[in-house]
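> Show me how the following folds:
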Amino acid sequence: MLRPHDYQMFFWLALAAAAVAVIGRGFWLYRASLTWPTADGSITRLDVERKRNASGPYFRATFSYEFLDPNGQRFSGSWYKNFSSESEARDFAARELPIGKPVVVCFNPRNHASSDLELDSWTYTNDRPTSLNI
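Below is the predicted model:
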């Protein structure tokens, strides 16, 4: 006969197994994406919108892009980055990913609609110096 404590143990075991499965699937997809082919694309649109979370307001810049697969079929995707102000988001967009800028897109060969921009670490971290003080 199962006691209430046994049900709690089963609940926590099931929850832990589900968490491990989700993390494992994410890792598997990440590893698979490292072998995706790339294609040339370009930035086609910028949308900046104000968002709010528990920490307060922030601005999300969403960059839309298009690319052609090896068969010449056109696909599109989007990538976003969060900023503390709208002007910071627009300055970043003008400097790093202006509309029309050529970009490299990596895409899932089985589902070309799954794609992502192949960006350097400066783009992700915004650590590029804006001036050199010599």
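> so where is this structure shaky, pLDDT-wise?
When residues are selected by pLDDT under 70, those of the chain lie in 1-2, 24-33, 121-134.
> Output the longest strand belonging to it.
As assigned by DSSP state E, the longest strand anywhere in the chain is strand 38-53.
> and the next element down the chain from that one?
strand 56-68 (DSSP states H and E).
> Who are the packing partners of that next one?
strand 38-53, strand 74-83, helix 86-96, strand 102-107, strand 115-117 (3 or more CB pairs under 8 Å, 6 or more residues apart in numbering; DSSP states H and E). For the C-beta atoms, the positions are set from N, CA and C on the backbone; glycine is no exception.
> I'd like these laid out as a markdown table, including mean neighbour count.
Listed next are these as a markdown table, based on neighbours: other CB atoms under 10 Å:
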| stretch | mean neighbour count |
| --- | --- |
| strand 38-53 | 14 |
| strand 74-83 | 15 |
| helix 86-96 | 16 |
| strand 102-107 | 18 |
| strand 115-117 | 19 |
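> And these: which comes nearest Asp6?
strand 38-53 (38.3 Å; CB to CB).
> by contact count, what packs against the closest one?
Judged by 3+ CB pairs under 8 Å, 6+ apart, strand 38-53 is in contact with strand 56-68, helix 86-96, strand 102-107.
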